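Asker: sequence and predicted structure below; questions after.
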Amino acid sequence: MSNTDLMQYFYTQEDINSIPINVVLKSEFSTWKKNQSEYLQNWIETSQFKAKPSNILSIPNAQGELNTVVVIADAKNIIWCLGTCAKQLPAGNYHIASPHKNNDKIYLGWGLGAYQYRQYKKSKQKLCKLHISESIDQNQLATLVQAIAIVRDMVNAPASDMMPQQIAEQCQTFVKEFGLTISECVGNDLIKENFPVIHAVGRASVHEPRLIEFNWGNAKHPKVSLVGKGVSFDSGGLDIKNAQGMRLMKKDMGGAAHVAGIALAIMKLNLPIQLQVLIPAVENAISANAFRPGDVLTSRCGKTIEIDNTDAEGRLILCDAITKAVEDNPDLLIDFATLTGAARIALGTEVPAFFTNDDDSAAELMQASEAVNDPIWQLPLHKAYRYMLDSDIADICNSAASGYGGAITAALYLNEFVPVETKWIHFDVMAYNMRARAGRPKGGEAMGLRAVVEFLQQRYVA
Ligand code: BES
Ligand code: ZN
Ligand code: ZN
């Protein structure tokens, strides 16, 4: 069964033998405990249970079988209270006992915590299933579980299994459900069709570079363009990364995975949006024909770019795709990219950075982020740093001599390709959990995806 199938984590038909899960707020735990039987109070002491968010208390019956489960919730982050259950409890059917059984967020936390990437494991872990009560919006739940599973699956796949052609295949697989076919501009056609920078970055790989595109929706609706960085593997090119820097670079197509997930959500939720998705997909490889530091590339829009560092390749492939997107005059342009290590220095690995030229979008995004507990943080498009990208011989350099403010200079580079009148949001994301947390297993992760989907729903659904 694929990771995107909701019914491996949930069931709908009631089961009288299912085990109840009681959700108790951390702040209410001591009062709650006082009202329990002596047996249970003793059990809490004996098992040395700590009332910390997402902790699970398993309560046996007289035969020593699992009878009831108690989980602790943090009122502000209730979404994650069941985030460790599916993997930690014994396989079987469970249901949420009142009063929280109508809270959609809790179900999502369960579903996201149940995810496992087992493509290369011989054994599959048997999962627990949770009963979905009728009041839950199943389409919204299935959409987010599926969209996030797509992101995680794509990022977790080894680079050798997620080369540009496989990124395209992944997209084709999930757009089929909506009667769509993706289009691709591949290899030397990138030159013919005027995507010279995507070609230059990807030409050293035996896996041909490409621009993947698909469109969906009604032409009467506002046009939203999504652009995602699809670097299958980032060796750094000739300015080669060191071993530590290269180790996780299978995730450098995380931006592509994010826009694929968001596109899926837009289509499944049938948002009144005319959607365009553009994914420049390349492998940043080394060979005799690799592009070099000091080379000058002419981009799709005519701007010339001096290559300072071949490891700043994400912004290069994105600029040709962004130029293509703005040719159609979108109402909103959003890009996602695992663009800089500097964004991780600024905010750590768990808070994606975003930049925008539109204050309304920033405010709406922050609101959406808080509403769905999907943290993001705005960094400034500080124009005064643009000088750091000045080139002696071309219109712009692809990276700055100094690493200070590296996430900002990367965003300023992209900004050069966005006309002032185009509303634009740029996400610089890690796309990877370095540690496991409730609902967020170690490995590939969607970051800011739920915030963006909520933002789009708020903005475009009347
Ligand atoms: N894919 C990396 C950025 C990255 C590194 C994201 C680690 C997340 C975690 C990107 O292509 C890159 O190599 N950026 C360089 C830019 C520099 C050469 C200007 C970086 O951040 O060091
Ligand atoms: Zn790089
Ligand atoms: Zn990269």
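Answerer: Yep, it's here. Ligands and ions are numbered 1, 2, ... in the order given.

Asker: rest of the way, CA atoms for contacts and neighbours
Answerer: Noted.

Asker: pLDDT wise, what is residue 3 at?
Answerer: In this prediction, residue 3 carries a pLDDT score of 77.

Asker: also the one 3 residues further on?
Answerer: Here, the pLDDT recorded for residue 6 equals 86.

Asker: who's in contact with it?
Answerer: With contacts taken as Cα atoms under 8 Å, 6 or more residues apart in numbering, residue 6 has the following neighbours: 111, 142, 145, 146.

Asker: just give me the longest helix of the protein.
Answerer: For the chain, the helix that runs over the most residues, judged by DSSP state H, is helix 138-156.

Asker: what residues of the helix or strand just after that one count as buried?
Answerer: Per DSSP states H and E, the first helix or strand lying C-terminal to helix 138-156 is helix 164-175. Neighbour-count burial for helix 164-175, counted by 16 or more other Cα atoms under 10 Å, picks out 164, 165, 166, 167, 168, 170, 171, 172, 174, 175.

Asker: correct me, but the fourth one touches residue 281?
Answerer: In this case it means residue 167. Yes. With contact defined as Cα atoms under 8 Å, residue 167 counts as touching residue 281 (7.4 Å).

Asker: which residues are in contact with each of those two?
Answerer: Contacts common to residue 167 and residue 281, judged by Cα under 8 Å, 6+ apart, are residue 230.

Asker: ok, back up a step: from the buried residues of helix 164-175, which is closest to residue 36?
Answerer: The closest of the buried residues of helix 164-175 to residue 36 turns out to be residue 174 (Cα to Cα; 48.8 Å).

Asker: do I have it right that the closest one meets residue 264?
Answerer: Yes. Contact criterion Cα under 8 Å: residue 174 and residue 264 qualify, at 7.4 Å.

Asker: would you list every one of the helices in the stretch 1-150 of the chain?
Answerer: With DSSP state H, counting those that start in this stretch, the ranges of helices along the stretch 1-150 of the chain come out as 29-34, 38-46, 85-88, 104-114, 138-156.

Asker: can you tell me the average pLDDT over the first one?
Answerer: What helix 29-34 shows for mean pLDDT is 95.

Asker: got it, and stretch 107-118?
Answerer: The average pLDDT within stretch 107-118 is 96.

Asker: extract the C-alpha trace of that stretch and format it as CSV.
Answerer: Written as CSV, here are the backbone C-alpha positions of stretch 107-118 (Å, rounded to 0.1, in the frame of the first residue of the first chain):
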residue,chain,number,x,y,z
TYR,A,107,-6.6,13.3,13.4
LEU,A,108,-4.1,15.0,11.2
GLY,A,109,-1.4,14.7,13.9
TRP,A,110,-2.1,11.0,14.1
GLY,A,111,-1.9,10.5,10.3
LEU,A,112,1.3,12.4,10.0
GLY,A,113,2.9,10.5,12.9
ALA,A,114,1.9,7.2,11.3
TYR,A,115,4.0,7.8,8.2
GLN,A,116,7.0,5.5,7.6
TYR,A,117,9.4,5.3,4.7
ARG,A,118,9.9,1.6,4.3
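
Asker: quick revisit: most neighbours of all the contacts of residue 6, which one?
Answerer: Compared across those, residue 111 has the highest neighbour count, 29 neighbours, by other Cα atoms under 10 Å.

Asker: residue of the stretch 1-150 of the chain closest to ligand 1, please.
Answerer: Nearest residue of the stretch 1-150 of the chain to ligand 1: residue 148, at 18.8 Å (Cα to the nearest ligand atom).

Asker: for that residue, which non-adjacent residue is spatially closest?
Answerer: Counting by Cα to Cα, 6 or more residues apart in numbering, residue 148 lies nearest to residue 446, which is 5.8 Å off, once chain neighbours are set aside.
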